[in-house]
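S.K.: here is a sequence with its predicted model. Questions after.
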There are 2 protein chains.
Amino acid sequence: MSDSAPGRAVAALRSHLATIADLRAAAAILRWDQETLMPPGGAEGRALQLATLARLAHERLVADESRRLLDAAEAAARGADPASDDAALVRVTRRDLDRAAKLPAEFVAEQRRVSAVATHVWREARRTNDFAVFRPHLEEVFRLARREAEYIGYAGHPYDALVDRYDPGVTARELETLFGRLLEVVVPLVRGIASRAGAVDPAVLDAGFDEAAQRTFALEMVEAFGYDTRRGRLDLSAHPFSTKFHRDDVRITTRYGRRLSAVFGVFHESGHAMYSQGTAPALERSPLAEGAGSGIHESQSRMWENLVGRSRAFWEYAFPLLRRAFPEQLESADAERVYRAVNHVEPGLIRVSADEVTYNLHIVLRFELEKALLTGDLAVRDLPEAWGGRMRTFLGLTPPDDTDGVLQDIHWSSGLVGSFPSYTLGNVASAQLFDAARRAHPSLLDDIRAGRFAALYGWMRDHVYVHGRKFLPSELLQRATGSVLTAEPYVGYLRAKFTDLYGLPA
Amino acid sequence: MSDSAPGRAVAALRSHLATIADLRAAAAILRWDQETLMPPGGAEGRALQLATLARLAHERLVADESRRLLDAAEAAARGADPASDDAALVRVTRRDLDRAAKLPAEFVAEQRRVSAVATHVWREARRTNDFAVFRPHLEEVFRLARREAEYIGYAGHPYDALVDRYDPGVTARELETLFGRLLEVVVPLVRGIASRAGAVDPAVLDAGFDEAAQRTFALEMVEAFGYDTRRGRLDLSAHPFSTKFHRDDVRITTRYGRRLSAVFGVFHESGHAMYSQGTAPALERSPLAEGAGSGIHESQSRMWENLVGRSRAFWEYAFPLLRRAFPEQLESADAERVYRAVNHVEPGLIRVSADEVTYNLHIVLRFELEKALLTGDLAVRDLPEAWGGRMRTFLGLTPPDDTDGVLQDIHWSSGLVGSFPSYTLGNVASAQLFDAARRAHPSLLDDIRAGRFAALYGWMRDHVYVHGRKFLPSELLQRATGSVLTAEPYVGYLRAKFTDLYGLPA
């Protein structure tokens, strides 16, 4: 931060925004506590406290003072290197303010109210398999999503205005092209795998693995990846998540289930957490101290979980350590057997327990339905049928009920329309970034095989993590890999890995 | 809350103050996390977040809007029953605003800065037994305390302006009278006990009691007292404390040490916590949703810890349960032996580990030194000598160093000048309130002997907890016991209990 007048204008904006960042960090701490430790009685007071923090942060963001400070900082940063922190701060803040200014305060409040009620009703509807009770609330959610798209504006599809909240710059058209290419590869792959269903045996994962030992093993692994537990911690929650309070306090949670699921959950969340811990200290307490977008964030969770954690190279390193943790369960196993088991493919009804190959089919399904609900081409009352139809087409399965069908995800009830594609964008970007890291470090797989993750972590830190939210996802990928998002590394990865695993014709 | 115009004016004030309450609750959650679970890396970011929350709460309190809303509410509540919630809200808010308005913003900021540095230096000085390095910081603290007293104003002693922060309405003169009466009884009692030192044997507490079992036993007891763990939880921290986020989320912490110290720590904190859980729901998120003062709050922690937890009646009930938790350690013990052991008296250097009889001597010592430092009758450089002199007078001991002498407490470095008397006020009030409860429920001791605490808890809830901060400590005591604070129930309690325990001449 320079002491010149232009430097002072940017510093004044930063200082104003730091208060907002602190309020959001406080809210993140309150939410973390709510999900991990809060006693049952705390729910009501906590909701009020969170609402107050959100309101104060929003009021400060849309205050006249923000615009005044931003105008001054923008003038001051004119001519600065677009890659500089100052230029990026001004650019990103302008984007945030413009988006916020387009949404009337009453609309934002209505959206918040509707989704609070919808989430509540959804939980009950899911528990009792009662889509009818949820239907009017989902209609409200999509009605508001349409209005939001109109307020924000869009050139092509209304979806563009919504997906931009999660992955700035991404459009429905781009997603259609991307998903089209994925289907070309994945659908025949799934068919081939189905014809060789017995080729991969997951049974080794069915021996009971106790929680404490899973926890110790998983923590040992992610500390080797690069997650710094002196600046984080691992706790238990109903739904695993990662949350950042500050780059030096980034926490993850997991839950314990079948088939070493806690281990892969921890790998996944550690990817998010390393991103958050690796953001440049200079960006802290500013709008730049976040990730470039949900898809890029997800690229890191999925890279460490799948491209590393489900790789043959990794298990050649990790198997002896896993066996040390579970000597009885793994007495007669070997690295190859575990590697194969953790990559078992099986079409299922539930997105969150899907394997690497079928996962994206769950996303395409949701993307298509969201688009149609948004334009009115599909009515909410016809949603369960449409869901079932696509389930049969994509995965060959018929949901026995709505609980394991259209009611399975929390996203829509929470008002997160347009967020599902981030998961697939993450998968695709993970392979593109991994490939780029491998070009820079040709011995990367040998490193992993030897339990050395520093080159991979260092490359990701320097090309992704440090930049925080300075660049758009497309810019970040261009700078890091020399290309905007492309499906080829990812489809190549899937095809090679699963063709080999299932002994399919090349 | 009525719908009339006067009702609306009070409601508008309440709504404004609710935001401040939420900000303070959020800060309490951040501090709780900091003391219990925060990874080491989190310290820097957390300090900034806490500073932001404190600043926003303070800004909102001293904003013109507060005064405007208060003026309107005051006019609206004129003529209301002084004991009504509305009248109390207006009265207490006026007191808070007047006090806040007397302190210039720069002064408050300077105080915060000085005590942050002083606390940091104190930790190191205490560790290395180096009073000289702490001395200039302590001089600053007392210089600012003097200025604060001048800003606030006082009729008698400058101490009055400071103690008022903790125990509204209490004066140095009253404390001198109170402490004088205590010394009349306690000094001969300590002398008598010293002459019969072997009469009480604490050895039964030296058998190692493991942490998990102490925790389970202590929780079982405080749940019986009335602490609701569905609206609270117990965690570990370096220094035990109780903290309220909302009346339905009130947490306690403890640490594990020798002689069942965790058990008594939990009893103590549960007293604070029951007070906080028992405040009337209608007072929530207002300045009334706190205790009447530090002394009254402390009366509850000390009552449950000492008047209940160290009573013969309690151990007649609890001993079998303690033995079930520790069958080997207590194989040959009985209720009377444990009762005597937990009441062993021994003059010591350290306040926080002092027994019931000698504890108040530590407070008188600090009170006298604080007063003299404040008026300049004592210079900070002469403090260690003055400390040592009073230690010899009151307790017959000579501190071997400053670490276990003048550097033992965090209070002064934190700027808490005038807060020590609360501990003794709490002791005194605990006996006065307990006596009043006994008058209302003559079978109270028999109830305790049978493990029934509902009558005692219910009386305290109805006469103390529900009122929150509606009444001044003296008003609260008058309403609850029929008398302002008086030392007689407490000195009577001490004399009777320890004369019996040590077999002293009556």
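M.R.: Received the coordinates, thanks. Numbers count the residues shown, from 1 in each chain, chains lettered A, B, ... in the order given.

S.K.: neighbours of residue A:196, how many?
M.R.: Other residues lying near residue A:196 total 14 when counted by other Cβ atoms under 10 Å in any protein chain shown. The C-beta positions use only the backbone N, C-alpha and C, and glycine is treated the same way.

S.K.: again, but for the one 10 residues further on
M.R.: A count of neighbours around residue A:206, defined by other Cβ under 10 Å, yields 11.

S.K.: show me the shaky parts of the stretch 1-150 of chain A.
M.R.: A:1-3, A:5 (pLDDT under 70).

S.K.: tell me the secondary structure for residue A:244?
M.R.: Under the three-state scheme (DSSP: H, G, I helix; E, B strand; the rest coil), residue A:244 adopts strand.

S.K.: secondary structure element holding the closest residue to it other than its chain neighbours?
M.R.: Counting by Cβ to Cβ, 6 or more residues apart in numbering or on different chains, residue A:244 lies nearest to residue A:276, which is 4.0 Å off, once chain neighbours are set aside. Following DSSP states H and E, one finds residue A:276 within helix A:261-278.

S.K.: any idea of the mean pLDDT in that helix?
M.R.: Helix A:261-278 carries an average pLDDT of 97.

S.K.: for that helix, packing partners?
M.R.: Judged by 3 or more Cβ pairs under 8 Å, 6 or more residues apart in numbering or on different chains; DSSP states H and E, the packing partners of helix A:261-278 are helix A:211-225, strand A:242-246, strand A:249-254, helix A:294-302, helix A:454-463.

S.K.: test my guess that residue A:298 contacts residue A:428.
M.R.: No: the pair residue A:298 / residue A:428 is not scored as a contact, 9.8 Å apart, by Cβ atoms under 8 Å.

S.K.: now do the SS call for the residue lying closest to residue A:482 once chain neighbours are set aside.
M.R.: Distance criterion Cβ to Cβ, 6+ apart; nearest residue to residue A:482, sequence neighbours excluded, is residue A:436 at 7.3 Å. Recorded secondary structure, residue A:436: helix (three-state DSSP).

S.K.: before we move on, what about residue A:292?
M.R.: Three-state call for residue A:292 (three-state DSSP): coil.

S.K.: pull up the gap between residue A:105 and chain B, please.
M.R.: Look at residue A:105 and chain B: by Cβ to the nearest Cβ, to the nearest Å, they are 16 Å apart.

S.K.: what's the neighbour count on residue A:70?
M.R.: Neighbours around residue A:70, by other Cβ under 10 Å: 22.

S.K.: just the one 10 residues further on next, same as before
M.R.: Look at residue A:80: counted by other Cβ under 10 Å, it has 16 neighbours.

S.K.: follow-up on the earlier one: residues contacting the residue nearest to residue A:482?
M.R.: For residue A:436, the contact set (Cβ atoms under 8 Å, 6 or more residues apart in numbering or on different chains) comprises A:459, A:463, A:480-482.

S.K.: in stretch A:255-263, which residues are buried?
M.R.: Using 16 or more other Cβ atoms under 10 Å in any protein chain shown as the test for burial, stretch A:255-263 gives A:256, A:259-263.

S.K.: now do stretch A:329-338
M.R.: Here stretch A:329-338 shows A:329-330, A:333, A:335, A:337-338 as buried, counting by 16+ other Cβ under 10 Å.

S.K.: distance from that stretch to the middle of the chain?
M.R.: Taking Cα atoms, centre = their mean, to the nearest Å, one finds stretch A:329-338 lying 31 Å from the centre of the chain it belongs to.

S.K.: what's the closest non-adjacent residue to the residue of the stretch 51-200 of chain A found nearest chain B?
M.R.: Proximity of the stretch 51-200 of chain A to chain B (Cβ to the nearest Cβ) peaks at residue A:52, 3.7 Å away. In this structure, residue A:52 finds its nearest non-sequential neighbour in residue B:22, 3.7 Å apart by Cβ to Cβ, 6+ apart.

S.K.: which residues in the stretch 1-150 of chain A form helices?
M.R.: With DSSP state H, counting those that start in this stretch as the criterion, the stretch 1-150 of chain A has helices at A:5-36, A:43-62, A:64-77, A:85-102, A:105-128, A:131-152.

S.K.: to residue B:314, which of those helices lies closest?
M.R.: helix A:43-62 (32.3 Å; Cβ to Cβ).

S.K.: what about the residue of the stretch 1-150 of chain A found nearest chain B, how many neighbours?
M.R.: Closest contact between the stretch 1-150 of chain A and chain B, by Cβ to the nearest Cβ, is at residue A:45 (2.7 Å). Residue A:45: 22 surrounding residues under other Cβ under 10 Å.

S.K.: cool, and residue A:326?
M.R.: For residue A:326, the tally of surrounding residues (other Cβ under 10 Å) stands at 18.

S.K.: again with residue A:453
M.R.: Residue A:453 has 22 nearby residues by other Cβ under 10 Å.

S.K.: what sits against it?
M.R.: Taking Cβ under 8 Å, 6+ apart, we find residue A:453 in contact with A:224-226, A:308, A:447.

S.K.: please tell me how far it sits from residue B:132.
M.R.: According to Cβ to Cβ, to the nearest Å, residue A:453 and residue B:132 sit 49 Å apart.

S.K.: quick check, residue A:54 in contact with residue A:27.
M.R.: Yes: at 6.4 Å, residue A:54 counts as touching residue A:27 under the criterion of Cβ under 8 Å.

S.K.: which one's more surrounded, those two?
M.R.: For residue A:54 versus residue A:27, neighbours defined as other Cβ under 10 Å are more numerous around residue A:27 (20 against 15).

S.K.: for the stretch 51-200 of chain A, what lies in contact range of chain B?
M.R.: Within the stretch 51-200 of chain A, the positions lying close to chain B (Cβ under 8 Å from any Cβ of the partner chain) are A:52-53, A:56.

S.K.: the residue lying closest to residue A:152 once chain neighbours are set aside: how many residues sit nearby?
M.R.: Of all residues not flanking residue A:152 in the chain, residue A:161 sits nearest, at 3.9 Å (Cβ to Cβ, 6+ apart). Using other Cβ under 10 Å, residue A:161 has 25 neighbouring residues.
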